[in-house]
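Colleague: when you get a sec, could you give me coordinates for this:
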Amino acid sequence: MYAVVGCSDCQALWIVEGRPETTQCPRCGSTRQHEKRRKFVETDDEDHAREVRSSMLATRQDHGEAFAKLDSFTEMEDRVDDAGPSEDAVLEAAGVDPDEASAAGERAGSGTGGSTSRTETVLAALRESEEPTAEDIVAYATERGVPESYVRDALEKLKRRGEVTESGGTYRRL
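Modeller: Purely as a prediction, here's the structure:
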């Protein structure tokens with residue numbers, strides 16, 4: 001349920017989803033019980049609530065006729081992708097080959113060739129081992145280029161922050 005409500009202090013209009021106990025005006029900050037707010041429309045359709053609010057704001061500012069000529073939010077949203085130049089045209093204008101840019105994006109999104117932070121490597125070692133000891137974690141991380149001193153420091157910091165626990169030489173993520 002969506003409601004277009006108004007503020008009795010500053011006359012702001014906004015949309016409230018559901019039926020909260022209280023609402024706060026986004027403009028002046030006044031808080032009131034939701035039931036005491038003036039509701040101009042209640043609907044199950046968020047787009048309809050947006051249309052009503054926009055129409056009310058346009059009428060307040062004497063732009064009602066111009067607003068009436070506009071398409072609905074839904075129709076305008078459907079046409080957004082058709083507005084302006086295509087992504088390929090923008091890339092070509094900037095001197096970038098669109099096919100190469102697309103291939104680079106796919107490589108970056110595939111997870112290959114990306115880098116993992118040192119801390120992420122230590123956390124991955126904790127996930128990968130069934131009962132990880134400090135030596136297991138160090139071995140895993142050093143194979144991936146993380147210095148042993150960093151691994152040991154990271155384990156201590158993770159323990160102090162409460163992200164991992166160590167019991168009997170075995171580490172576990174919390």
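
Colleague: please count neighbours and contacts with C-alpha atoms only from this point.
Modeller: Fine.

Colleague: pull out the buried positions in whichever helix in the chain runs longest.
Modeller: Ranked by residue count and defined by DSSP state H, the top helix of the chain is helix 46-60. Buried positions in helix 46-60, judged by neighbour count with 16 or more other C-alpha atoms under 10 Å: Glu46, His48, Ala49, Arg50, Glu51, Val52, Arg53, Ser54, Ser55, Met56, Leu57, Ala58.

Colleague: farthest-separated two in these?
Modeller: Among the buried residues of helix 46-60, the pair separated by the greatest distance (C-alpha to C-alpha) is Glu46 and Ala58, at 18.3 Å.

Colleague: between the buried residues of helix 46-60, which is closest to Pro147?
Modeller: Proximity of the buried residues of helix 46-60 to Pro147 (C-alpha to C-alpha) peaks at Glu46, which lies at 53.6 Å.

Colleague: identify the residues contacting stretch 157-170?
Modeller: Judged by C-alpha atoms under 8 Å, 6 or more residues apart in numbering, the contacts made with stretch 157-170 from elsewhere in the structure are Glu131, Pro132, Thr133, Ala134, Leu155, Tyr171, Arg172, Arg173, Leu174.

Colleague: buried sites along it?
Modeller: Leu158, Lys159, Val164, Thr165.

Colleague: A strand includes Ala3, no?
Modeller: Yes - according to DSSP: H, G, I helix; E, B strand; the rest coil, the state of Ala3 is that of a strand.

Colleague: what's the domain layout of the protein?
Modeller: Under the assignment named as automatic domain parsing, the residue ranges that make up the domains of the chain are 2-78, 118-173.

Colleague: okay if I get those domains as TSV plus mean pLDDT and distance to Ser102?
Modeller: TSV is the format used below for the domains of the chain (pLDDT from 0 to 100; distance: least, C-alpha to C-alpha, whole Å):
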stretch	mean pLDDT	distance to Ser102
domain 2-78	82	24
domain 118-173	89	28
